[in-house]
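Chemist: Sequence and computational prediction follow.
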Number of protein chains: 2
Amino acid sequence: MILDELTTHPGEWLRGTGPMSDVVISSRVRLARNIRTYPFVSKADPETRDELCELLRASIKSASKDREWSYVDLSPLDELDRQVLVERHLISRQHADGDGCRGVAFSPTETVALMVNEEDHLRMQSIRSGLRLDEVWQEINGIDDLLEDRLEYAFHPRYGYLTACPTNVGTGIRVSVMLHLPGLKLTNEIERVFRAARELRLAVRGLFGEGTEASGDFFQVSNQCTLGRSEEDIVNEFKTQVLPRVIEYERQARQALIRDRALVLDDKIWRSYGMLRNARTISSEETLAHLSLLRLGIHLERMNAVDLQTINELFLMTQPAHLQKMLGHRLTGEQRSAARAEFIRKRLSDRRPA
Amino acid sequence: MILDELTTHPGEWLRGTGPMSDVVISSRVRLARNIRTYPFVSKADPETRDELCELLRASIKSASKDREWSYVDLSPLDELDRQVLVERHLISRQHADGDGCRGVAFSPTETVALMVNEEDHLRMQSIRSGLRLDEVWQEINGIDDLLEDRLEYAFHPRYGYLTACPTNVGTGIRVSVMLHLPGLKLTNEIERVFRAARELRLAVRGLFGEGTEASGDFFQVSNQCTLGRSEEDIVNEFKTQVLPRVIEYERQARQALIRDRALVLDDKIWRSYGMLRNARTISSEETLAHLSLLRLGIHLERMNAVDLQTINELFLMTQPAHLQKMLGHRLTGEQRSAARAEFIRKRLSDRRPA
């Protein structure tokens, strides 16, 4: 089964590489599209949804013929497998929890994912590690072109692409980056930066997008405005006006910590290592908070007992569904916390502590 | 200087040996005595105090002629050196903070300590690791006899030995044990045990006796009643009626933890190890709390990354004065916390983690 293979390695976006990867975890562009003459998903009866699935799956297959894309039909999938896809950011929580015929197609490195029958008929994303907005925009734009050759999108000459939710009408684009901002968090400046972001009409969310809490100092920042401007303008403004400032603020905060509070910083980083290396039971939330500090420590060259690859692997594999998938059976919350602690300990003890 | 030699090794009472040493850190008997015709210390003018010092020092020297006892004159000693003696339980905090001519004589293994001009003219203690009340009582009783041959104690035929504070009148005896009760603490039963102890007219105090808070699950339990009964009766009641019950309760609590909450217990123990092994700054209070859990882990055979000897050494050496004495210079609180963390890390990394 394709999902069993997936769970053993992180997707490209979690590689921790790419420009500005000390602050920018990943860059993502998503497009929302609907098929002309079909009702929106929320208005479609089961038969229509089936028909849409067929149509879109065939078009995706045809458009991707030279690439080895996987297609996963979500409706027969059990909850654990759907959760694996959410944890890998291949589908949204809403898509996992939805009903009726729906699915997702994705590329081998998971940089491209196309959700069928989510809120819109088609939600296409490209996601890559580091700050690479041009690249992900070009990639998803190319795929959009290929599909547009095969499908008739619902498009209004004045409003642009029509979408189930009016907030997406126009370009249907959402540009977002996952930022790692432990410096701003530790210096208590994060709220100030978020206020500035909101004034620029940007949304700040948690690890899993809409409706999720920020945890472990990871934040998703995205545009809210999709109408009246070109996709390139939206990507460009995001890339040139918003991000350089946030990245600069975060880097300054980190340098201030090293300058003024190095001991306290090292203490936090190394205690996180101590917790992960010794805990016998640990929640995913606490794990994330410690991994966040280790990641900071590695980028600031204050942590040498663990490398970035291990952090990224733990980041992915300690999530509830991945953990259960890896162990091959379902676990209660308590069992998960013990299994998570054991997995982390083993993974970290492969390396000698400094 | 005698104090520099002292700081590098723990006294006998901290060896972690002796009967019931899983629960009983140490046993101690103290006697309060005053010299006839001299006013109590608080009423004595400087000349009288000097005279008392001379008299007592000479008597102690004569009584201990075959033993290599040290005598330390406290008045010329700086605050750090006095604090070292407090941390070793050779003198009380009041004695360290007092003024005028005063001192302490102690045996090479520090099982016997005789304070001169503390609250009473003479406060004599014998202290040993584990539950050894008969032994310490016999030892201090023998020394008391030797001194009584050389000094005329203030003694009233009806009231017994006269003391500066009426709570000590009669036998002048205080029997106390230092208990390690992490099991009762973790199972939230400690207050119930303390209430029972208070009903038996016992005092429960912290690590450094009167006026100190219990920390790291270490508690000093002692008799309060000194009048109207023989010393042997007081020691015996303490030994046969109070202690066996408390020790039994603590052992039951530990077994209950292993039976019902082994994972949480191991998690606490190993996280304590992780903190000590990785912290870059740590207070003496936090250190004590972690050492307490490691001590529990060793006795329950759930911690193999560190041994009892190391715990006892850290217990002593991480205290503020010992730490500064070892490093050879005075430190601010912040510097101490960093130096303490570094010392602990080095000491623990001598051993391979499990």
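Modeler: Looks like it came in fine.
Chemist: ok, the closest residue to residue A:174 other than its chain neighbours - contacts?
Modeler: Take residue A:174 and drop its neighbours on the chain: the residue closest to it by CB to CB, 6 or more residues apart in numbering or on different chains is residue A:30, 4.5 Å away. Quick note: C-beta positions are derived from backbone N, CA and C, even for glycine. Neighbour list for residue A:30: A:123, A:124, A:125, A:140, A:173, A:174, A:176 [criterion: CB atoms under 8 Å, 6 or more residues apart in numbering or on different chains].
Chemist: tell me which element residue A:30 is part of?
Modeler: strand A:24-33 (DSSP states H and E).
Chemist: ok, that strand: who's next to it in the sheet?
Modeler: strand A:122-129 (antiparallel), strand A:173-180 (antiparallel) (DSSP bridges).
Chemist: Rebuild these as JSON lines, extending it with distance to residue B:51 and mean neighbour count.
Modeler: Rendered in JSON lines, the data for these read as follows (distance: least, CB to CB, whole Å; neighbours: other CB atoms under 10 Å in any protein chain shown):
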{"stretch": "strand A:122-129", "distance to residue B:51": "82", "mean neighbour count": "25"}
{"stretch": "strand A:173-180", "distance to residue B:51": "72", "mean neighbour count": "24"}
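Chemist: Can you give me the distance of residue A:314 to chain B?
Modeler: In this structure, residue A:314 and chain B are separated by 16 Å, where distance is defined by CB to the nearest CB, to the nearest Å.
Chemist: An error on my part: the question was meant for residue A:238.
Modeler: From residue A:238 over to chain B the distance is 38 Å, taken as CB to the nearest CB.
Chemist: Need the pLDDT of that residue.
Modeler: Predicted confidence (pLDDT) for residue A:238: 87.
Chemist: residues in contact with it?
Modeler: Neighbouring residues of residue A:238 by CB under 8 Å, 6+ apart: A:133, A:175, A:177, A:223.
Chemist: does the second one really touch residue A:223, like I thought?
Modeler: Yes - between residue A:175 and residue A:223 there is a contact under CB atoms under 8 Å: 5.0 Å.
Chemist: Identify the contacts common to these two.
Modeler: A:234, A:238.
Chemist: Do you know the pLDDT at the nearest residue to residue A:194 once chain neighbours are set aside?
Modeler: Taking CB to CB, 6+ apart as the measure, residue A:194 lies nearest to residue A:204, with 5.1 Å between them; neighbours along the chain are not counted. On pLDDT, residue A:204 comes in at 87.
Chemist: and residue A:204, that one's in a strand?
Modeler: Yes - counting by DSSP: H, G, I helix; E, B strand; the rest coil, residue A:204 is found in a strand.
Chemist: Check whether the longest helix along chain A comes near chain B.
Modeler: With DSSP state H setting the assignment, residue counts place helix A:243-278 as the longest helix in chain A. Yes - if you take CB under 8 Å from any CB of the partner chain as the test, helix A:243-278 does meet chain B, through A:263, A:264, A:266, A:267, A:270, A:271, A:273, A:274, A:275, A:277, A:278.
Chemist: Could you list the residues of the stretch 201-350 of chain A in contact with chain B?
Modeler: If contacts are counted using CB under 8 Å from any CB, the residues of the stretch 201-350 of chain A sitting beside chain B are A:263-264, A:266-267, A:270-271, A:273-275, A:277-282, A:338, A:341, A:349.
Chemist: Please check those and keep the buried ones.
Modeler: Buried members of those, scored by 16 or more other CB atoms under 10 Å in any protein chain shown, are A:266-267, A:270-271, A:273-275, A:277-282, A:338, A:341.
Chemist: What are the neighbouring residues in contact with residue A:263?
Modeler: Taking CB under 8 Å, 6+ apart as the contact definition, residue A:263 lies against B:280, B:281, B:334, B:338.
Chemist: now the third one, nearest residue through space, not along the chain?
Modeler: When you say that, I think you mean residue B:334. With CB to CB, 6+ apart, the residue lying closest to residue B:334 is residue B:281, at 7.5 Å.
Chemist: likewise residue A:68?
Modeler: In this structure, residue A:68 finds its nearest non-sequential neighbour in residue A:108, 5.5 Å apart by CB to CB, 6+ apart.
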